[in-house]
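> A structural model of the following input is requested.
(chains A and B)
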Amino acid sequence: MNNKFDALKDDDSGDHDQDNSSPKDGEKEKNDEEDKEANTTKRKAVVPGAGEHPLQYNYTFWYSRRTPGRPASTQSYEQNIKQIGSFASVEQFWRFYSHMIRPGDLTGHSDFHLFKEGIKPMWEDDANKSGGKWIIRLRKGLASRCWENLILAMLGEQFMVGEEICGAVVSVRFQEDIISIWNKTASDQATTARIRDTLRRVLNLPPNTIMEYKTHTDSIKAWEDFHGLVNASGGR
Amino acid sequence: MIVSAMFYALYPLSRLLDRVSAAWQKPPPVHVNGREVWDGGGQQQQQTEDSLQRNSTERSAQLPQDKHTHTHHPQGTLVETLERARAEEELQKTLCDVSQMEGVLSETPLAGLEDTHNPQPVKNQAESDYVFSSVAGKHSEISPHLTADAPSEADRCDGVSASSGGAALLFASRSPVFDLSALLSDTQQLQMDAEPIGWHFPVGHGLAEMCYCPYVQFPDVSYYPAFQDQDNIEVMWRVWEDLSEPQSSDSADASPVFDFSVMSYNILAQDLLEANPHLYTHCAEDALRWENRLQAVLKELQIWQPDIVCLQEVQEDHFQEQMHPVLINMGYTCIYKRRTGSKTDGCAVLYRGERFTQLSVSLLEFRRSECELLDRDNVGIVLLLQPTAGPHHQFTPVCVANTHLLFNPRRGDVKLAQLAIMFAEIHSVMQKCRSEGKSCELILCGDFNAVPRSPLWTLITTGELYYHGLPTWMVSGQTDLSYKAHHNRLFSPLWPSSLGITDRCQYNTDTHTTASDGKQQYSHEFMCQLRFCEAACVRPADLELIPGVTDKTPDLRDMFSLRFSPSLRHRLSLTSAYSHIHPETLTDLVTTLNSEGAAMVDYIFYSQRQKSGFNGGGESAGGLKLLARLSLLSEAHLWSLRGLPNESFPSDHLSLLVKLQLSSADI
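Residues are numbered from 1 along each chain as shown, chains lettered A, B, ... in the order given. Predicted structure coming up:
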């Protein structure tokens, strides 16, 4: 296993493509990642409806897509990512989910992100900056089922790692799909091991499934190296 | 069929024998059932070498034409002092029995039938299994055929089961059939050290070809068409069916494997036998005696020495007092679970201690006081076994489940609920294993009291069953009760939620718990139940419409199927090791037979090795590979053996026996 190549491959296949996501700290409305924090100016707080089943945390769906025809490096990550909506109960989750296309049916270079409300699906978010993620590469055809299993487990608090979970991402690519789950503390090995085991269980993964843990600092570094390399070699 | 064919073949010669029989002082053997025929070399002999030789020699002289019959077996006399009168009495009985089946026999074929069908039952004498193989005199030219054939078959079978070792390899280094040439020869030799051949008795042209002598020597029978159709090969006995694919290249695939054998066997509890005499009216009394059946069951285990044995209908007192000590000596570790209530029998799982270590065991009772539906006394056992491998290899654990579901053909609802409990426990055991990062294979054995392609069978093999409105008698497919005016039907929910099992056949203990730390926890199943609730079907007001992303409408078909076509599902992928149809003759195979009918109701299901992996990799992702299975028989075959139980098959069920292969885990 060669990590350098993997890192490059990651970016090449656009694993989580945080293209040009220049850290804009000014835009972080919420320095406190907990959702008890007052919401951003544009959205009012979501609460469970009467008789609904409240979730432990509120979550937000995001969608991102690389615009075809333009080199990835010229697009801002933040330009391409869109909030779809936030929810606070199981019922509200299904309302959004039922009206969204399944990942396996998405076209092009797209991602769904599901993060706790207040955490942006970006490496640089305060909740993420010392974190990392488990990555599972899937052959085509499996993404929809795996994604559903993953987010149901996350929303239903099946990971049992306290407040460590930040969110989950499914990335639809040309030849494969990638799902990943992000947590706060990459250095907490007990937590990452527990997340891995829960993933295996809820996704029904066979034992030889390759699961890779990657810290966000490594991701940032690999991204910078890659783009540095691209620039140095004249935009190859 | 076979009896009929034999009859035609033997009729002429029996007429001859009739004429000459008076000249023979030696009465024909006295015992009426053909244990030797079925059991092949598995039988142990009681005769002395002397008596055996004398009898055989006599017989080969006596019956010069027997060479073209296939089920021939040299006979010995168990009790030499038996009176001739007694022998004749027995013969008469034989005749009656056969006549019942064929309805056409006259007295004349007595001798021939006797020779063909009624070899001598014999009892233990250590190390005296025998094979007649030496050939002498005028027939010696036959032997090359036989000796050439035998090793090749032995090789093949060896390959199948190379690693299971021991006496389970029945064909190793010896002829798979009784050597007919021996019957033709003037002298015989007894091979004292021969090991069990097993139940292998090919019938058909193979032997006929070898015996080149004309089979008809008497003009008066020349119009019989017997044995003309030599292409019609019929294998009448239980043989190993080799299902392993030929290894393309050993160099490429050198990963270590763990081969093991699994048997499932309903051995028919004596109490149940005696409680239902109407099911066994066709049986000889001896075949129903427990002592005889016990010995035959134990012998079957000794012959095959399976690594894992799942038994059903094991009577507790018999198990504790008679079977357990023997099984311990054979190296088995035993887990027993008696049925609840006043039932005296139960299920047992045996595994060889040197091949597996036990990780966990669950004993299941399907009687639940909190659930009116589950008022029956059936039980199940779920084991998690770790294959014992060398220090350099690690194999994934194997979950072994054994059950005997309710018989009552009308109560499909109960059967499904019992099966769901079984699945839920298996699922929980396997999940526990998976959460430790290990994969887990599954073998589900038992008497499911449901026939192939029945809804219950479909649920097991496909993982899904739409049951809405299904009459309960239809679930198992055992009997057709469609003539009844009123049918109980299946409607959702099949069982009350107090049972704690979802329609995914999983425990819902964790469906919705506000955990001790105040967390809102929801299981996958629970969340899915809310999927199409009213609130979830309304489009959120603030949801921006992005074409191709958020322009989906809730799938009404999904919604409909979930709401109005209730189904049972499970997530264990299971394949039946046995096909219910004979691959060549296309006849239905059965695993049980009694006076009221025959059917396949016993199965060995296993998690099959898949061709393609989960990831893009494409390498096989775990799973068990089916290497071989011991063939079953059709109902006609079994009736030709006087039904079940008989002297060689001690139960009204046949044993199922498969060889499976586990690949080394990726570690």
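> mind listing the strands for chain A?
Ranges of strands in chain A, per DSSP state E, are A:54-65, A:81-89, A:110-116, A:132-139, A:165-172, A:176-183, A:211-215.
> Tell me, domain by domain, which residues of chain B belong where.
What automatic domain parsing lists as the domains of chain B is B:2-184, B:200-236, B:256-501+B:562-666.
> In a markdown table: the strands of chain A, plus mean pLDDT, mean neighbour count and distance to B:F532.
(Glycine included, C-beta is placed from N, CA and C.) As requested, those are arranged in a markdown table below (pLDDT from 0 to 100; neighbours: other Cβ atoms under 10 Å in any protein chain shown; distance: least, Cβ to Cβ, whole Å):
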| stretch | mean pLDDT | mean neighbour count | distance to B:F532 |
| --- | --- | --- | --- |
| strand A:54-65 | 92 | 21 | 18 |
| strand A:81-89 | 91 | 21 | 15 |
| strand A:110-116 | 94 | 24 | 20 |
| strand A:132-139 | 93 | 22 | 26 |
| strand A:165-172 | 95 | 24 | 22 |
| strand A:176-183 | 94 | 24 | 24 |
| strand A:211-215 | 93 | 17 | 32 |
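> Pipe the ones you listed into a markdown table and attach distance to chain B per row.
Output for the strands of chain A, formatted as a markdown table (distance: least, Cβ to the nearest Cβ, whole Å):
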| stretch | distance to chain B |
| --- | --- |
| strand A:54-65 | 4 |
| strand A:81-89 | 5 |
| strand A:110-116 | 8 |
| strand A:132-139 | 4 |
| strand A:165-172 | 11 |
| strand A:176-183 | 6 |
| strand A:211-215 | 10 |
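> Of those, which is nearest B:L419?
Nearest of these to B:L419, taken as Cβ to Cβ: strand A:132-139 at 31.6 Å.
> Who does that closest one pair with, and is each partner parallel or antiparallel?
In the sheet, strand A:132-139 lines up against strand A:176-183 (antiparallel), strand A:211-215 (antiparallel) (DSSP bridges).
> outside of that strand, which residues touch it?
Here strand A:132-139 makes contact (Cβ atoms under 8 Å, 6 or more residues apart in numbering or on different chains) with A:15-16, A:146, A:169, A:176-183, A:186, A:192, A:195-196, A:199, A:203, A:205, A:209-216, A:218, B:614-616.
> Any stretches of chain A with poor pLDDT?
A:1-44, A:68-75, A:206-207, A:229-236 (pLDDT under 70).
> whoops, chain B was the one
Within chain B, the stretches with pLDDT under 70 are B:1-236, B:246-254, B:509-518, B:555-565, B:610-621, B:665-667.
> Which single helix of it contains the most residues?
Across chain B, the longest stretch assigned as helix under DSSP state H is helix B:412-435.
> Tell me the helices and strands packed up against it.
With contacts taken as 3 or more Cβ pairs under 8 Å, 6 or more residues apart in numbering or on different chains; DSSP states H and E, helix B:412-435 sits against helix A:189-203, strand B:356-365, strand B:379-387, strand B:398-404, strand B:441-447, helix B:455-462.
> Next, the angle helix B:455-462 makes with it.
Inter-element angle recorded for helix B:412-435 and helix B:455-462: 20 degrees (by axes from the mean of the first three to the mean of the last three Cα atoms, to 10 degrees).
> can you pull the buried residues of helix B:412-435?
B:412-427, B:429-431, B:433-434 (16 or more other Cβ atoms under 10 Å in any protein chain shown).
> Equivalent analysis for stretch B:485-493, please.
In terms of neighbour count (16+ other Cβ under 10 Å), stretch B:485-493 has its buried residues at B:L490.
> what do you get for stretch B:463-472?
Using 16+ other Cβ under 10 Å as the test for burial, stretch B:463-472 gives B:G463, B:L465, B:Y466, B:Y467, B:L470, B:P471, B:T472.
> repeat for stretch B:656-667
B:L656, B:L657, B:V658, B:K659, B:L660, B:Q661, B:L662, B:S663, B:A665, B:D666.
> Distance-wise, check the nearest residue in space to B:T333 that is not next to it in sequence relative to chain A.
The shortest distance from B:T333 to any non-neighbouring residue, by Cβ to Cβ, 6 or more residues apart in numbering or on different chains, is to B:G353 (4.8 Å). Using Cβ to the nearest Cβ, to the nearest Å, one obtains 26 Å as the distance from B:G353 to chain A.
> what about B:G353, how many residues close to it?
For B:G353, the count of nearby residues is 13 (other Cβ atoms under 10 Å in any protein chain shown).
> try B:M330
14.
> For chain A, see how far away it is.
Distance from B:M330 to chain A, by Cβ to the nearest Cβ: 33 Å.
> residues in contact with that residue?
Counting by Cβ under 8 Å, 6+ apart, B:M330 touches B:L301, B:Q302, B:Q305.
> Identify, from the residues you listed, the entry nearest to B:Y332.
B:L301 (8.3 Å).
> which SSE is the closest one in?
Using DSSP states H and E, B:L301 maps to helix B:290-304.
> Against which helices or strands is that helix packed?
Using 3+ Cβ pairs under 8 Å, 6+ apart, helix B:290-304 sits against strand B:257-266.
> again, 7 Å this time
Helices and strands touching helix B:290-304, as assessed by 3 or more Cβ pairs under 7 Å, 6 or more residues apart in numbering or on different chains; DSSP states H and E, are absent.
> Would you mark the buried spots in it?
Burial within helix B:290-304, assessed by neighbour count using 16+ other Cβ under 10 Å, is assigned to B:290, B:292-301, B:303-304.
> now, among these, which is nearest to B:D447?
Closest to B:D447, out of all of the buried residues of helix B:290-304 and judged by Cβ to Cβ, is B:V297, at 15.0 Å.
> circling back: got the buried residues of stretch B:656-667 as CSV, with distance to chain A and secondary structure columns?
Below are the buried residues of stretch B:656-667 laid out as CSV (distance: Cβ to the nearest Cβ, whole Å; DSSP: H, G, I helix; E, B strand; the rest coil):
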residue, distance to chain A, secondary structure
B:L656, 27, strand
B:L657, 28, strand
B:V658, 23, strand
B:K659, 23, strand
B:L660, 18, strand
B:Q661, 17, strand
B:L662, 12, strand
B:S663, 10, strand
B:A665, 6, coil
B:D666, 5, coil
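> about what we covered before: what is the subsequent helix or strand relative to the helix holding B:L301?
strand B:308-315.
> How about residues contacting that next one?
Strand B:308-315 is contacted from outside by B:260, B:262-272, B:301, B:336, B:344-351, B:400, B:402, B:404, B:445-447, using Cβ atoms under 7 Å, 6 or more residues apart in numbering or on different chains.
> elements contacting the following helix or strand past that strand?
Downstream of strand B:308-315, the next assigned helix or strand under DSSP H and E is helix B:316-318. Helices and strands touching helix B:316-318, as assessed by 3+ Cβ pairs under 7 Å, 6+ apart, are absent.
> near chain B, which residues of chain A show up?
Taking Cβ under 7 Å from any Cβ of the partner chain, the part of chain A that reaches chain B is made up of A:49, A:52-56, A:63, A:84-85, A:90-91, A:94-96, A:98-101, A:107, A:137-139, A:149, A:152-153, A:155-157, A:176, A:197, A:200-202, A:204-210.
> Can you select the buried ones from these in ChimeraX?
The buried residues among those can be selected in ChimeraX (16+ other Cβ under 10 Å) with this line:
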select /A:52,53,54,55,56,63,84,85,90,91,94,95,96,98,99,100,101,137,138,139,149,152,153,155,156,157,176,200,201,202,204,205,206,207,208,209
